[in-house]
Structure formats: C-alpha cells, structure tokens
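Trainee: the sequence isn't on hand, but the structure is:
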C-alpha cells in the first residue's frame, strides 16, 4: 500500500489554520496518509483513506466533512470534524475529539458518530463514541 506524505507545501495559510491545497485528491485516497509534524491546525474538506491517517506532534486535524480511514487515525492534539469520524482500527489523539460540528446543515446522531475499534487515547468532547471492539489477537496483546 502506498503512503502519501503531506508537507508544508501542500497547505495554504487561511487565518489561524492551514487548508489543504495539494495536487492529490485525499477525499477518497487508496493508501496511507502521513502528515509532517508542527504544521498547526490543518483543514480538509473531506479526507478518506483506505489505510491509516497519521499526523505528528503539535497538530490538529480539522475537516469540514467526514474523516474516514481503513486503518488507524492518530493526531498529536485532536480532531475537529463537521461530520462523522470512522476508522477500522484504533483512534488515538493527545487531547480532544469533536465530531458533528457541521454548521451548513441540520445534523443527526449518525453525523456525530465516532466509530473505531478502540479509542486508545483522548477524550470525546462532542460526538457519540461507538467502539466496535478489538479482534481477539489484539485483546490478548493488551492483557
């Protein structure tokens, strides 16, 4: 599986955050996405990956739409998302998660859902957490 590495050049400054302006469509990316550290607040209209999504130290992920990953999602500080957050594996953030902050339309509980195998770290400040549970082999590693 290929890994797309996003750097400072893939973002433009818009107020206090940086908006994704890279050439690669990340709204339905077949692979992993790694975002270099210390970029600050990052904004995506929508980001969906079949693999994992990882952002390093001192950073937040902000998406106007949804965030989806076939693997895990990691953010050093937190995530703010207009709609739902879904990952098939673990979700890990340093601070807080907000899902369902959409301002352009009425939302329901499904739009506020944060779905993952396990919330490994962080606090859900706004949204509905749905943990699907770890596979048996992962449970053995934790015990």
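Mentor: Noted; the coordinates are in hand. Keep in mind the model is a prediction, meaning the values are calculated, not measured.
Trainee: how many neighbouring residues does residue 125 have?
Mentor: The number of residues packed near residue 125 is 12, by other CB atoms under 10 Å. For the C-beta atoms, the positions are set from N, CA and C on the backbone; glycine is no exception.
Trainee: what does the one 5 residues further on give?
Mentor: By the measure other CB under 10 Å, the count of residues near residue 130 is 12.
Trainee: which residues touch the closest residue to it other than its chain neighbours?
Mentor: Among residues not flanking residue 130 along the chain, residue 115 sits closest, at 4.7 Å (CB to CB, 6 or more residues apart in numbering). Residues near residue 115 by CB atoms under 8 Å, 6 or more residues apart in numbering: 84, 85, 86, 87, 130, 132.
Trainee: tell me which helix or strand the fifth one sits in.
Mentor: Taking DSSP states H and E as the criterion, residue 130 maps to strand 128-131.
Trainee: off-centre distance for that strand?
Mentor: 14 Å (CA atoms, centre = their mean, to the nearest Å).
Trainee: buried stuff in that strand?
Mentor: By 16 or more other CB atoms under 10 Å, the buried positions in strand 128-131 come out as residue 129.
Trainee: one step back: ok, and for the strand or helix carrying the residue nearest to residue 130, which residues are buried?
Mentor: Using DSSP H and E, residue 115 sits in strand 113-116. Buried residues in strand 113-116, counting neighbours by 16+ other CB under 10 Å, are found at 113, 114, 115, 116.
Trainee: what helices and strands are in contact with whichever helix or strand comes after that strand?
Mentor: Sequence-wise, the next helix or strand downstream of strand 113-116 (DSSP H and E) is strand 118-126. Contacts defined by 3 or more CB pairs under 8 Å, 6 or more residues apart in numbering; DSSP states H and E place strand 118-126 against strand 90-99, strand 128-131.
Trainee: who does residue 116 form a beta bridge with?
Mentor: Under DSSP bridges, the beta-bridge partners of residue 116 are residue 131.
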